[in-house]
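Trainee: need a 3D model of the following:
(2 chains)
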Amino acid sequence: QVQLVQSGAEVKKPGASVKVSCKASGYTFSDFNIHWVRQAPGQGLEWMGRINPKTGGTNYAQKFRGRVNVTRDTSITTVFMELSSLRFDDTAVYYCARDRDAEFFVFWGQGTRVTVSS
Amino acid sequence: DIQMTQSPSSLSASIGDRVTLTCRASQAISNSLAWYQQLPGKAPKLLLSAVSRLESGVPSRFSGSGSGADYTLTISSLQPEDFAAYYCQQYFTSPRTFGQGTKLEIK
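Mentor: Alright, predicted model coming up:
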């Protein structure tokens, strides 16, 4: 069965960077994009970007360009999302999600809570 | 970016009620719409894609309709496990964007 397993919770100071991992299993890793979606406390869902695991090609939401970097390691079927220059309002749960037909999000990771606090 | 607006933002209803949630896009999105359910503390779950295509395992009391820029999600007879937040998402263009959600609460 398809599984996306994310790394554990993080607490970071403003200005620092955080790197969250998403380990994929149960399907051919190179066949589907992996996206990152975040959810601030009590708020809705916000798409951040995605990676094509076959090519390594990425697309990012304008809001995060220059601060986010999504990479993958095909040898361990894992995608990484690094967010830099963290601010207090980056406090959120970060989800990875696998798409279908490059359109919507069928499988989700369990979420990684990132807290930015001084 | 396409803006997605959901209404109402919250809704109180009773077990057995029929409820309809609305999602409006800032432009026509050619039926490129998905709906998700999110239980507290959990990841979202895909319910429907292409407006009305039910995902495997999703109960038939969930249905979707609409066209152009206006779409709805209907739950025909609310069950206790349906009280959750619901989000629409367009995939007509990038970036994929979500509505702000409708929180469905027990009356």
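Trainee: centre-most residue in chain A?
Mentor: For chain A, the residue nearest the mean C-alpha position is residue A:36 (3.4 Å; Cα atoms, centre = their mean).
Trainee: spell out which parts of chain B neighbour chain A.
Mentor: With Cβ under 8 Å from any Cβ of the partner chain as the criterion, chain B comes near chain A at residues B:1, B:32, B:34, B:36, B:43-46, B:49, B:55, B:87, B:89, B:91, B:94-101. All C-beta spots, glycine's among them, are computed from the backbone N, C-alpha and C.
Trainee: so which of those sit within helices?
Mentor: Taking DSSP state H as the definition of helices, these contribute nothing to them.
Trainee: follow-up on the earlier one: separation between the residue nearest to the centre of chain A and chain B?
Mentor: Relative to chain B, residue A:36 is positioned 11 Å away (Cβ to the nearest Cβ, to the nearest Å).
Trainee: tell me which element that residue falls in.
Mentor: Assigned by DSSP states H and E, residue A:36 falls within strand A:34-39.
Trainee: can you name the next helix or strand after that strand?
Mentor: In N-to-C order, the element after strand A:34-39 by DSSP H and E is strand A:46-51.
Trainee: who's in contact with residue B:43?
Mentor: A:95, A:97, A:108, A:109, A:110, A:111 (Cβ atoms under 8 Å, 6 or more residues apart in numbering or on different chains).
Trainee: what about 6 Å?
Mentor: A:95, A:108, A:111 (Cβ atoms under 6 Å, 6 or more residues apart in numbering or on different chains).
Trainee: what is the neighbour count of the residue lying closest to it once chain neighbours are set aside?
Mentor: Among residues not flanking residue B:43 along the chain, residue A:108 sits closest, at 3.8 Å (Cβ to Cβ, 6 or more residues apart in numbering or on different chains). Neighbours of residue A:108 under the rule other Cβ atoms under 10 Å in any protein chain shown: 23.
Trainee: contacting residues for residue A:108?
Mentor: A:95, A:97, B:43.
Trainee: any chance of TSV for the contacts of residue B:43, columns pLDDT, distance to residue B:78 and secondary structure?
Mentor: TSV is the format used below for the contacts of residue B:43 (pLDDT from 0 to 100; distance: Cβ to Cβ, whole Å; DSSP: H, G, I helix; E, B strand; the rest coil):
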residue	pLDDT	distance to residue B:78	secondary structure
A:95	98	26	strand
A:108	98	24	strand
A:111	98	26	coil
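Trainee: returning to what we had before: quick one: buried ones out of the residues of chain B next to chain A?
Mentor: Neighbour counting with 16 or more other Cβ atoms under 10 Å in any protein chain shown marks B:32, B:34, B:36, B:43-46, B:49, B:55, B:87, B:89, B:91, B:95-101 as buried within the residues of chain B next to chain A.
Trainee: in the sheet, who's paired with the most centrally placed residue in chain B?
Mentor: Ranked by distance to the mean C-alpha position of chain B (Cα atoms, centre = their mean), the top residue is residue B:35 at 4.0 Å. Taking DSSP bridges as the rule, residue B:35 bridges to residue B:48, residue B:88.
Trainee: can you read off the pLDDT for residue B:106?
Mentor: You'll see residue B:106 listed with a pLDDT of 89.
Trainee: understood, closing this out.
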